[in-house]
Structures are given as C-alpha cells and as structure tokens.
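Provided below are the primary sequence and the corresponding predicted coordinates.
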Amino acid sequence: MVIIVGGGWAGCAAAFAAAQAGARVMLLEKTDMLLGTGLVGGIMRNNGRFTALEEVWAMGAGDFLRHIEGVARHRWLDFPGHRHATLYDVTRIEPVIRRVLLDAGIDVKLPKRVVGVLKKGNSIAGVYTAQGDTFNGDVFIDTTGTAGPVKNCSRYGSGCAMCILRCPAFGPRVSLTAKAGIEEIRAGDGFPHFEAMSGSCKLDKKSLAPWLVERLEREGKVIIALPEYLHKHDLLNKKACQQYNLEEFARNLILLDTGHAKLMAPYFPLEVLRKLEGFEHARYADPYSGSKGNSIRFMAIAPCDDALQVEGVDNLFCAGEKTGLLVGHTEAIVTGFLAGYNAARYLAGKKPLVLPDSLATGDIISFMHREMKKPEGLKKKYTFSGAVYFQRMQDLGLYTTDVELIRQRVARLGLLNIYKKKVL
C-alpha cells in the first residue's frame, strides 16, 4: 500500500502514477477538496512548462494530463514574458481530477488531516489523523506543501488572508516529513529567508464590468496600464512566482481568464482597485483578504535526493514544494509522477528512477538540489516558466515546443511510457 499525504497537484499526480504502476494507493487530504492551490492557479504550458509537460506526457502521464486539457479555457495564449500558455478552468477542474483518481481505483479520503506517524525502526508503519483514524502502509509520499499555517502568514505576511487552503477551518499544515522525525530545511533556521507570498489573486467575474469580462473571456487576458504612483515594483519582489517579477507586471494590471479573473499580483488594495474603470464593484474570490495579503509559502522543505526519496527514512518519498524551491503546477505534477512511480518501485524491491539531466524534468531537480546547497541558491525560486531555470533550459537547448522532438528525446533514453509500465 502506498499512502500519499496531501491532495494538491503533486499528491494527485503521485497517486495516479503509483496506481498506474500497479500499487494499491490511498490519498489523504485534510480539506474537502483536492488540488490545493491548483484550485486557484490555472496556468499551464507557459514557456518551458510546455516542454516539461510534453516530457512527462511522453513518459506515460497522458491519461492524467489529458483531463486538464479537457477543461482548458484558452490555449496558445501569450502574455507579458510568457508564451503559448494554456489556462484551465479552476471552477471545473477539481471534480474532473477527483473522478480520474477514483476511476483509477485510488482510495481518496477527505477531509483527513494527518497529524502523526507510527514508526518501526527507520521506516514509517502508519499515519494517524486528527479525526482518530489510523492508516497502515508500506511506503509513504509527503505532498503536504509548504504554505502556511496561520502563524507563518502572520509572521512573514499580513496574517491569514483567508486563502483556498483554509487553515482556520481544516487545521494548519502538518508536514509528514517533520512528524517522521526528519529535520526539514526551514526558512530562518540557519538559512536565508526564502519564504514568499503566493503570486496572484482572483476576482469574481460577476463583480467586474460586463465589457471587461467580455474582453477577458474573448482574448484570455486583459492588460491595463497603471498610473505611475500605482506601479508595483516592491510588491513583485515578494512573489513566490518570480517568473512574473517583470517590468510589465509592475507597470500594468494583468488579468488572465482562468474561470475567475486572475489578477497577477500577490495582493492589491481594493479601495484603489475600485477606482479603475471596470473595477468599480470588484470583489476578491481568493484570497478573501486579497486587498491586504496572501498566503506564505516555502516554509518547510524535505531533505531529499534526486529520486525524491527523503533522507533519514527508508520508505518516504516527497513531491511538489516539499522537494525544494520549486514553483508551479507543472513542477508539482512532474515530481508527483516521479515520486509515485518510485514508491511503486520501492514496493517491488527495485532501485528508484532518477530522471536524466538531458531532460528538463530531470535537470531541474538535480540543478535545484545543487543550487540549494549554496546560500545564494536558497534565495532563488526554480520553475520551467521563467526566472533562473528557464534561462538555463534555453542555454542547454532543452526548451522546445516541438512535440515530436520531445518524444524522440524521451524514447532515446528508454523512458517512453515508463510511467505506464507495471512494476507490481
């Protein structure tokens, strides 16, 4: 039995991958919905994420990924600093992915907040929940993320912004790695402060002017120049998503159509926003305190190797933000598939897979882990879509939108449909 703790994009991908490899799988999520920040994200395939998604598709993730494409609102969308993005509908995605997991035979349990572990020697034997349940397993995957809880949002931000993670309602984040007795990489504990604020807000479309909504839904984006006194240079430095820390995002109000109107800033004062044409009645859909702040992320990272096996526990893997300073849904899915597949290999007594550096999906993991050993590397964020890693992708010739070329690269490495092969 593979038990995954955390039902965000990383956890869902890990569950699907482990099941596809032949394992019995249980997914435990603390809230009443899957996907975590994926419920308010919505951006895929921008810049190098196109390459990364096609790599993991070629490795056998297509039966999972095609359902995301099925709820896309816009494809091949360009916006400042980013090309050929797909925007999925955040209002429709969760039931779709939940059905995918259930159809794969995964035992999805929610709301089940894991609060502790049962150890046997150097391994985890089981986990127990705040609701009083105990679940025993053979291998575990930590996809609990790094956002919150409220005490961190208060210490590093502006308090609880009432975001989609809903810690006050469902309880604060609990790290499976920490509960297993492993010392995590924590901001401020002898390291530079690498915490950051979630990168965007969502506005309720019904609160915006009809002409603005019509344009947003038709074009997929709206860019509105801001008067100089409203430029957001200092604000963008706080973003977890440093791929959007660009001059265009400082000087303009940029909206993307993800079902909600996605405002590409971590927060924006409502009383100022309502002075702009079309926003006179604007209201935040997420976070509800979007005029004041947003959730704080990257608070606790698991020490792991390039196979995503957590150091210090024999049968624990991790994915998503737990793996390092990795930003984005695509990044979570990529690491989720690797962790889920490797959990199944662990059950089969096989050596875990390390993705080769000749693929972007392998190179980002090894590069990030190397860089995080340096103080200056801990101050950066790593994503296929921008910042330091997308530049590296281009320099190494890894970035391409040629799907057939990507498939050929994967095939030459002997990894074509590897995630579809049963190991159990």
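Received, thanks. Numbers count the residues shown, from 1 in each chain.

can you give me the strands in the stretch 301-424 of the chain?
With DSSP state E, counting those that start in this stretch, the ranges of strands along the stretch 301-424 of the chain come out as 316-318, 382-383, 386.

for the longest one, packing partners?
Using 3 or more Cβ pairs under 8 Å, 6 or more residues apart in numbering; DSSP states H and E as the contact criterion, the elements in contact with strand 316-318 are strand 139-142, helix 176-179, helix 329-347. No exception for glycine: its C-beta is placed from N, CA and C like everyone else's.

tell me the most buried of these?
Each of the helices and strands packed on strand 316-318 was assessed for mean neighbour count using mean count of other Cβ atoms under 10 Å. The highest is strand 139-142, with a mean of 30.

gap between the helix or strand following it and the chain center?
Using DSSP states H and E, the helix or strand that follows strand 139-142 in sequence is helix 150-156. Taking Cα atoms, centre = their mean, to the nearest Å, one finds helix 150-156 lying 20 Å from the centre of the chain it belongs to.

which strands or helices does helix 150-156 pack on?
Under the contact criterion of 3+ Cβ pairs under 8 Å, 6+ apart, the helices and strands touching helix 150-156 comprise strand 296-297.

how far off centre is the strand it packs on?
Computed by Cα atoms, centre = their mean, the separation of strand 296-297 from the middle of its chain amounts to 12 Å.

next, format the helices and strands packed on strand 316-318 as JSON lines and append distance to residue 248 and mean pLDDT.
Formatted as JSON lines, the helices and strands packed on strand 316-318 follow (distance: least, Cβ to Cβ, whole Å; pLDDT from 0 to 100):
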{"stretch": "strand 139-142", "distance to residue 248": "36", "mean pLDDT": "98"}
{"stretch": "helix 176-179", "distance to residue 248": "38", "mean pLDDT": "98"}
{"stretch": "helix 329-347", "distance to residue 248": "22", "mean pLDDT": "98"}
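
can you add distance to residue 201 and give the ones you listed back as JSON lines?
Formatted as JSON lines, the helices and strands packed on strand 316-318 follow (distance: least, Cβ to Cβ, whole Å):
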{"stretch": "strand 139-142", "distance to residue 201": "28"}
{"stretch": "helix 176-179", "distance to residue 201": "29"}
{"stretch": "helix 329-347", "distance to residue 201": "17"}
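
endpoints of stretch 413-424, how far apart?
Taking Cα to Cα, to the nearest Å, stretch 413-424 runs 22 Å from one end to the other.

compare the strands of the stretch 301-424 of the chain and give me the one nearest residue 281.
strand 386 (32.8 Å; Cβ to Cβ).

beyond the one helix or strand in the chain whose mean pLDDT sits lowest, next helix or strand please.
Counting by mean pLDDT, DSSP states H and E, the chain has its least confident helix or strand at helix 233-236, which shows a mean of 58. Counting by DSSP H and E, the next helix or strand C-terminal to helix 233-236 is helix 247-251.

partners of the helix or strand following that following helix, with directions?
The first helix or strand that comes after helix 247-251 along the chain, using DSSP H and E, is strand 252-257. Paired neighbours of strand 252-257 in the sheet (DSSP bridges): strand 221-225 (antiparallel), strand 261-263 (antiparallel).

got the CA coordinates for strand 252-257 in CSV?
Backbone C-alpha positions of strand 252-257 (Å, rounded to 0.1, in the frame of the first residue of the first chain) are rendered in CSV as follows:
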residue,chain,number,x,y,z
ASN,A,252,0.3,47.1,-15.6
LEU,A,253,-2.7,45.4,-14.1
ILE,A,254,-2.7,42.0,-15.8
LEU,A,255,-5.8,39.8,-15.8
LEU,A,256,-6.0,36.2,-17.1
ASP,A,257,-9.1,34.2,-17.6
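
so how far is that strand from its chain's centroid?
21 Å.

then stretch 199-218?
Taking mean C-alpha positions (Cα atoms, centre = their mean), stretch 199-218 and its chain are 24 Å apart.

alpha carbons of that stretch, in PDB - could you do that?
In PDB, the C-alpha atoms belonging to stretch 199-218 read as follows (Å, rounded to 0.1, in the frame of the first residue of the first chain):
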ATOM      1  CA  GLY A 199       1.700  35.200  -6.500                       C
ATOM      2  CA  SER A 200      -1.800  36.100  -7.600                       C
ATOM      3  CA  CYS A 201      -5.300  37.000  -6.600                       C
ATOM      4  CA  LYS A 202      -8.700  36.000  -8.100                       C
ATOM      5  CA  LEU A 203     -11.500  38.400  -8.700                       C
ATOM      6  CA  ASP A 204     -15.200  37.300  -9.000                       C
ATOM      7  CA  LYS A 205     -16.000  38.000 -12.700                       C
ATOM      8  CA  LYS A 206     -19.600  38.900 -11.800                       C
ATOM      9  CA  SER A 207     -18.200  41.900  -9.800                       C
ATOM     10  CA  LEU A 208     -16.500  43.300 -12.900                       C
ATOM     11  CA  ALA A 209     -17.900  45.500 -15.700                       C
ATOM     12  CA  PRO A 210     -19.600  43.400 -18.500                       C
ATOM     13  CA  TRP A 211     -17.400  44.900 -21.200                       C
ATOM     14  CA  LEU A 212     -14.300  43.900 -19.200                       C
ATOM     15  CA  VAL A 213     -15.500  40.300 -18.700                       C
ATOM     16  CA  GLU A 214     -16.400  40.000 -22.400                       C
ATOM     17  CA  ARG A 215     -12.900  41.100 -23.400                       C
ATOM     18  CA  LEU A 216     -11.200  38.900 -20.900                       C
ATOM     19  CA  GLU A 217     -13.200  35.800 -22.000                       C
ATOM     20  CA  ARG A 218     -12.700  36.500 -25.600                       C
END
